[in-house]
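In: quick one: sequence and predicted model below, then my questions.
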Amino acid sequence: MTGKPKISDAKNLCPRTAAVHHGTRRSQYGEMSEAIFMTQGFVYDSAEQAEARFIESGSDEFIYARYGNPTSRMFEERLAALEGTEDAFATASGMAAVNGALFSMCAPGDHVVAARALFGSCIYVLDLLAKFGVEITYVDGTDLSQWASAIRDGTKAVFFESVSNPGLEVTDMQAVARLAHDAGAMVVVDNVFATPVFSRAVELGADVVVYSATKHIDGGGRALAGAICGSRDYIRNTVEPYLKHTGGAISPFHSWIMLNGLTTMDLRVRAQAESADRIARAMQGNPYLSRVVYPGLDDHPQHALAMQQMGAGGTMIALEIAGGKDAAFAALNRLRVIKISNNLGDAKSIVTHPATTTHQRLPDEVKAQLGISPGLLRLSIGLEDPSDLIADLEQALAG
Ligand SMILES: *Cc1c(COP(=O)(O)O)cnc(C)c1O
């Protein structure tokens, strides 16, 4: 059991137990597996009951699936228990979660400070906020002095990835949260790479934790989903009104997939991180690589911080091939087990060439700033035997 704070009835359960049981709502049939309530609406006993529910609905009362659904509620409560927040709101995708978390809290004239090293679509959302009159200041997420000078009295929020995509930079959450809270700002963390398994984000000061559940929570690359975790007041009074009227709702079927994903997530992610650690060490000293970036290695610039924040190096590795784009493409094309794709957190190991795919549209100088060189590969380690993955990488690099 980790030291994460837990809410209400999950308080006495270890995370793995909560991940199996917490939030389960059984119907009158007492079904064992969580039911999929594949319904958009709910029948009221009377006109008076409908009226009352629109004024205020109880925790087991639903109106319309865009507002909430019993299967989705199970997923929200289970994830909130694991994250250590009072509540959560599930969304159609990780980007619906990022959009919902930020747009619901910001108004024209507000100021947001964000780390520069962000997933491309997150930058799009920040650009959109800027278009509607929100001032955005970008900083190097690993440089506390830049955070300190950018955050000012009245800054609305800070936003960063706890571990960045694809450079695997680690942000000092506790230090940034202290600076943000001193100025009255909310701390919003995109915690996808850290995963809920290795997350201590709330303990370290995050007010809002955002996930793309498409990644490690699903774990099988099947469905898109996302979630926003935070205080009950923020989720119900800020996020819910925004999302229920703008339509970022998750499908009950996807909530059911994610509930099943959460059940096995701890075992999967720990096994994937153990493999990643072994693979990163095996790649060190490979003559065809100019850089092996893994937060679990001693030579990672934020290694100590990563260990303190996550207790592990995670499931992602970045490798830089010495020969640039041509050598990188040749190696990709020789891989037999590891698949070329752009998801991550999947049971299948996946390799991505960020410079020509996920981060293709960034200007060259920004790519250079973020370490997205033509030879950089992003590896998401899956559940295969790590010795097969090491052999696959070695033959692909040597070829
Ligand atoms: C994938 C990803 C997202 C977006 O999630 P989707 O489910 O694809 O919408 C956001 N942030 C990070 C860090 C991601 O890796």
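Out: Yep, it's here.

In: burial of residue 234, as a residue count?
Out: Neighbourhood size, residue 234 [other CB atoms under 10 Å]: 22. In short, each C-beta sits where N, CA and C put it, glycine included.

In: burial of residue 122, as a residue count?
Out: So residue 122, with other CB under 10 Å, has 22 neighbours.

In: in what helix or strand does it lie?
Out: helix 120-131 (DSSP states H and E).

In: do the same with residue 112
Out: When elements are defined using DSSP H and E, residue 112 is found to belong to strand 111-115.

In: what lines up beside that strand in the sheet?
Out: Within its sheet, strand 111-115 is paired with strand 135-139 (parallel), strand 157-161 (parallel), according to DSSP bridges.

In: any idea how far the ligand is from the closest residue to residue 117 other than its chain neighbours?
Out: Spatial nearest neighbour of residue 117, chain neighbours left out: residue 164 (3.8 Å); criterion: CB to CB, 6 or more residues apart in numbering. Separation of residue 164 from the ligand (CB to the nearest ligand atom, to the nearest Å): 8 Å.

In: ok, now which ones touch residue 164?
Out: With contacts defined as CB atoms under 8 Å, 6 or more residues apart in numbering, residue 164 is in contact with 115, 117, 118, 141, 170, 171, 193, 370.

In: before we move on, the earlier item: could you tell me the angle between the strand holding residue 112 and helix 120-131?
Out: Here strand 111-115 points in a direction 160 degrees away from that of helix 120-131 (axes from the mean of the first three to the mean of the last three CA atoms, to 10 degrees).

In: so does strand 111-115 get close to the ligand?
Out: No - Strand 111-115 does not reach the ligand (CB under 6 Å from any ligand atom); its nearest approach is 11.3 Å.

In: and stretch 360-371, by the same measure?
Out: No - applying CB under 6 Å from any ligand atom, one finds stretch 360-371 out of contact with the ligand, separated by at least 13.2 Å.

In: start to end distance for stretch 200-220?
Out: End-to-end distance for stretch 200-220: 24 Å, by CA to CA, to the nearest Å.

In: how about the contacts made by residue 66?
Out: By CB under 8 Å, 6+ apart, the contact list for residue 66 reads 40, 244, 247, 249.

In: right, and residue 357 touches residue 343 too?
Out: No - the criterion here is CB atoms under 8 Å, and residue 357 misses it with residue 343 at 11.5 Å.

In: name the nearest residue to the residue in the stretch 101-250 of the chain that the ligand sits nearest to, ignoring sequence neighbours.
Out: Proximity of the stretch 101-250 of the chain to the ligand (CB to the nearest ligand atom) peaks at residue 212, 2.9 Å away. Once flanking residues are discounted, residue 212 sits nearest to residue 94: 2.3 Å by CB to CB, 6+ apart.

In: could you give the number of residues near the residue of the stretch 51-200 of the chain found nearest the ligand?
Out: Residue nearest to the ligand within the stretch 51-200 of the chain: residue 94 (2.2 Å; CB to the nearest ligand atom). Other residues within reach of residue 94, judged by other CB under 10 Å, total 24.

In: that one contacts residue 214, correct?
Out: Yes - taking contacts as CB under 8 Å, residue 94 lies within contact range of residue 214: 5.8 Å.

In: which residues are contacting stretch 282-291?
Out: If you take CB under 8 Å, 6+ apart as the criterion, stretch 282-291 is touched by 292, 297, 317-323, 327, 331, 375, 390, 393-394, 397-398.

In: what do you get if the cut-off is 7 Å, keeping everything else the same?
Out: Counting contacts by CB atoms under 7 Å, 6 or more residues apart in numbering, the residues outside stretch 282-291 that touch it are 292, 319, 320, 321, 322, 375, 390, 393, 397, 398.

In: just the ones in strands from those, please.
Out: Under the assignment DSSP state E, the contacts of stretch 282-291 contribute 292, 319, 320, 321 to strands.

In: can you give me the pLDDT of the residue nearest to the second one when sequence neighbours are not counted?
Out: The shortest distance from residue 319 to any residue other than its chain neighbours is 4.7 Å, reached at residue 377 (CB to CB, 6+ apart). Taken from the predicted model, the pLDDT recorded for residue 377 is 98.

In: do residue 328 as well
Out: On the pLDDT scale, residue 328 is placed at 97.

In: same check on residue 361?
Out: pLDDT, read off for residue 361, is 86.

In: show me the contacts for it.
Out: For residue 361, the contacting residues are residue 120, by CB under 7 Å, 6+ apart.

In: backbone phi and psi for residue 171, please?
Out: Here is the backbone geometry of residue 171 (degrees, to the nearest 10): phi -90, psi 140.

In: could you measure from it over to residue 269?
Out: Distance of residue 171 to residue 269, given as CB to CB, to the nearest Å: 20 Å.
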